[in-house]
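>>> Here's my sequence, what's the structure:
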Amino acid sequence: MRTTATASPPRSRTTLWALTATHAGNDFFTGAVAALLPFFVLYAGYSYAAVAGITLAATALSSIAQPAFGYLGDRFGLRWMSLAGLLVAGAGVAVSGLLADWYPAVWAAIALSGIGVAAYHPAATMEARTAGGGTSGAMSLFSVGGNVGVALAPAAVVLVVGWFGLSGTALLAAPAVVLGAVYVLAARRAARSVEPCAAASERTPAAAPPHAEPVVAVRERDDWRSFGWLTAVLAMWSVAYVGTSAFVALYAIDRFGATPEFASLALSLFPAAGAVGTLLGGWLADRIGRLHVVRGGYLLAVLSILGIILAPGAEAVVVATAALGFSLFLPFAPQITLSHTYLPNRIGVASGLTLGLTLSLGGLATPLLGALADASGLQSVFVAMACLVAAGLALSFTLGERRRPGAPNPAPEDAAIPA
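Model (predicted):
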């Protein structure tokens with residue numbers, strides 16, 4: 001096995017925070033799609049199967065596009081895809097409400113938004129990994145931006161739809177424009193700060209600290225078998241995440257007669273609690289090990305879904321949904337960094353698959369959940385999701401950690417199977 005000396009990837013707090021902000025903007029549109037579903041039912045007369053089809057539109061092409069974008073990112077860089085994806089995601093959602101009377105056009109607009117989301121994630125995740133040094137904690141900070149965006153979306157949707165009707169979705173393009181500008185400014189600032197450092201390093205070689213050992217990069221093999229098991233685990237996660245986003249508000253409305261405005265609280269608290277879970281999960285993973293966090297999160301998620309199923313009222317549904325958001329996102333960042341250890345030579349592909357294909361698999365399953373809801377009621381949807389998350393918990397025991405090469409005293413997340 002060949003080794004070469006290399007420097008550690010440069011970290012940049014400014015870049016990491018800017019990417020976290022754009023992640024909030026990008027995933028805002030994922031949350032906006034879910035928040036729009038009850039209004040398409042109430043104002044445009046769509047069936048449960050029809051709104052499930054909209055969820056499929058947001059994810060169907062992403063299931064193919066996001067891994068492809070990841071491959072292109074590994075091969076050619078293409079960091080501009082994060083900005084382009086953000087803008088396209090915003091454009092698709094912005095025009096969807098304007099086309100509510102023509103279902104195929106709505107489907108196409110939401111599909112376009114899904115492609116934008118797909119383009120954003122691999123490129124932005126690769127940048128965030130570099131800016132944050134590859135730790136689970138830094139990845140959790142980047143990931144929590146997505147939670148924040150999804151959490152803010154329902155309130156924004158209720159505001160614009162309540163004031164302007166479905167045509168108000170045009171105003172939802174604002175986060176893409178504003179945060180896209182923030183990203184451009186941060187990128188220019190980072191470029192200016194790098195240039196003087198590069199010039200100085202050319203004049204004077206950097207001196208190593210006393211007693212410092214050279215950083216050694218070892219070319220590892222890609223562990224596709226373990227990555228395949230991880231993808232299967234994430235597929236179960238995906239169905240629970242997308243299914244809850246699509247149906248929990250409708251469930252509170254249908255079963256307990258909640259108003260759309262009150263039901264939207266569940267859509268806000270779900271990702272908001274997920275933000276707390278994401279940050280805590282990254283922090284715990286760096287201390288007690290990723291797999292402990294992953295398995296604990298899935299176990300708590302099963303219990304939370306049971307809370308939704310057995311809830312005595314709409315208020316209990318909202319509380320249980322918040323608990324589910326916390327539980328599902330507890331293992332989120334550890335799963336991403338684990339995927340990078342399984343495919344160390346294909347970080348873009350690993351990011352595209354874990355962030356894109358797995359979410360898209362949930363979207364592909366959503367029409368089946370919609371048909372189940374039309375046939376047996378919305379409660380049966382959550383019973384099915386509880387079973388799938390339990391299956392994900394069982395599958396997580398097929399996973400093992402990969403020890404980073406050159407780490408003589410592995411941290412808890414590194415200890416276990418050989419590379």
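>>> Leaving out the residues flanking it, which one is nearest to residue 395?
Spatially, and ignoring its direct neighbours in sequence, residue 395 is nearest to residue 233 (4.8 Å; C-beta to C-beta, 6 or more residues apart in numbering). Yep, even glycine has a C-beta here, placed from its N, CA and C like the rest.
>>> quick one: average pLDDT of the host helix or strand of that neighbour?
Here residue 233 sits within helix 224-256, counting by DSSP states H and E. Mean pLDDT, helix 224-256: 90.
>>> Tell me the helices and strands packed up against it.
Where contact means 3 or more C-beta pairs under 8 Å, 6 or more residues apart in numbering; DSSP states H and E, helix 224-256 is packed against helix 13-44, helix 48-59, helix 260-288, helix 290-309, helix 314-329, helix 332-342, helix 358-376, helix 378-395.
>>> among those, which is nearest residue 119?
helix 13-44 (9.5 Å; C-beta to C-beta).
>>> now the angle from the helix or strand hosting residue 69 to helix 13-44?
According to DSSP H and E, residue 69 maps onto helix 62-76. Between helix 62-76 and helix 13-44, the angle comes out at 160 degrees (axes from the mean of the first three to the mean of the last three C-alpha atoms, to 10 degrees).
>>> Now the element after helix 62-76, going C-ward?
Trace forward from helix 62-76 with DSSP H and E and the next one is helix 81-96.
>>> still on that earlier bit, was I right about the residue nearest to residue 395 contacting residue 390?
No: the criterion here is C-beta atoms under 8 Å, and residue 233 misses it with residue 390 at 11.8 Å.
>>> Which residue of the two possesses the greater neighbour count?
With neighbours defined as other C-beta atoms under 10 Å, residue 233 and residue 390 compare such that residue 233 has more, 26 against 16.
>>> residue contacts, residue 224?
Taking C-beta atoms under 8 Å, 6 or more residues apart in numbering, we find residue 224 in contact with 342-343.
>>> so how far is the helix or strand where residue 116 lies off the chain centroid?
If you go by DSSP H and E, residue 116 is part of helix 103-132. Here helix 103-132 is found 10 Å from its chain centre; the criterion is C-alpha atoms, centre = their mean, to the nearest Å.
>>> Following the chain onward from that helix, which element is next?
helix 136-164.
>>> So which elements touch that following helix?
Checking 3+ C-beta pairs under 8 Å, 6+ apart, helix 136-164 ends up next to helix 13-44, helix 103-132, helix 260-288, helix 314-329, helix 332-342.
>>> Next, count neighbours for residue 102.
So residue 102, with other C-beta under 10 Å, has 12 neighbours.
>>> ok, it to residue 93 distance?
16 Å (C-beta to C-beta, to the nearest Å).
>>> How about residue 151?
The value you get for residue 151 to residue 93, if C-beta to C-beta is used, is 16 Å.
>>> low pLDDT regions in the protein?
Residue ranges of the chain with pLDDT under 70: 1-12, 60-61, 63, 73, 77-78, 132, 134-136, 190-219, 355-360, 403-419.
>>> can you state the direction angle for the helix holding residue 233 and helix 378-395?
Using the same axes, to 10 degrees, helix 224-256 lies at 160 degrees relative to helix 378-395.
>>> The helices and strands packed on helix 224-256 into JSON lines, with extra columns for distance to residue 137?
Shown next, in JSON lines, are the helices and strands packed on helix 224-256 (distance: least, C-beta to C-beta, whole Å):
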{"stretch": "helix 13-44", "distance to residue 137": "11"}
{"stretch": "helix 48-59", "distance to residue 137": "29"}
{"stretch": "helix 260-288", "distance to residue 137": "5"}
{"stretch": "helix 290-309", "distance to residue 137": "12"}
{"stretch": "helix 314-329", "distance to residue 137": "14"}
{"stretch": "helix 332-342", "distance to residue 137": "8"}
{"stretch": "helix 358-376", "distance to residue 137": "22"}
{"stretch": "helix 378-395", "distance to residue 137": "24"}
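>>> looking at those, which is closest to residue 184?
Here helix 13-44 is closest among the helices and strands packed on helix 224-256 (C-beta to C-beta), at 9.2 Å.
>>> Who are the packing partners of that closest one?
Right, helix 13-44 is packed against helix 48-59, helix 81-96, helix 103-132, helix 136-164, helix 174-203, helix 224-256, helix 260-288 by 3+ C-beta pairs under 8 Å, 6+ apart.
>>> between the ones you listed, which one is nearest to residue 362?
The closest of these to residue 362 is helix 224-256. By C-beta to C-beta, the value is 3.3 Å.
>>> Could you pull out the buried residues of that closest one?
By neighbour count on 16 or more other C-beta atoms under 10 Å, the buried set for helix 224-256 is 226-227, 229-254, 256.
>>> mind checking how far that helix is from the chain centre?
Centroid displacement of helix 224-256 relative to its chain, using C-alpha atoms, centre = their mean, is 12 Å.
>>> between that helix and helix 290-309, how big is the angle?
Put simply, helix 224-256 runs at 20 degrees to helix 290-309, going by the same axes, to 10 degrees.
>>> what angle separates helix 224-256 from helix 260-288?
Going by the same axes, to 10 degrees, helix 224-256 makes 150 degrees with helix 260-288.
>>> Run the angle between helix 224-256 and helix 48-59 for me.
150 degrees.
>>> hang on, the earlier thing: so can I have CSV of the helices and strands packed on helix 13-44 showing distance to residue 331?
Converted to CSV, the helices and strands packed on helix 13-44 look like this (distance: least, C-beta to C-beta, whole Å):
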stretch, distance to residue 331
helix 48-59, 21
helix 81-96, 24
helix 103-132, 16
helix 136-164, 10
helix 174-203, 27
helix 224-256, 8
helix 260-288, 6
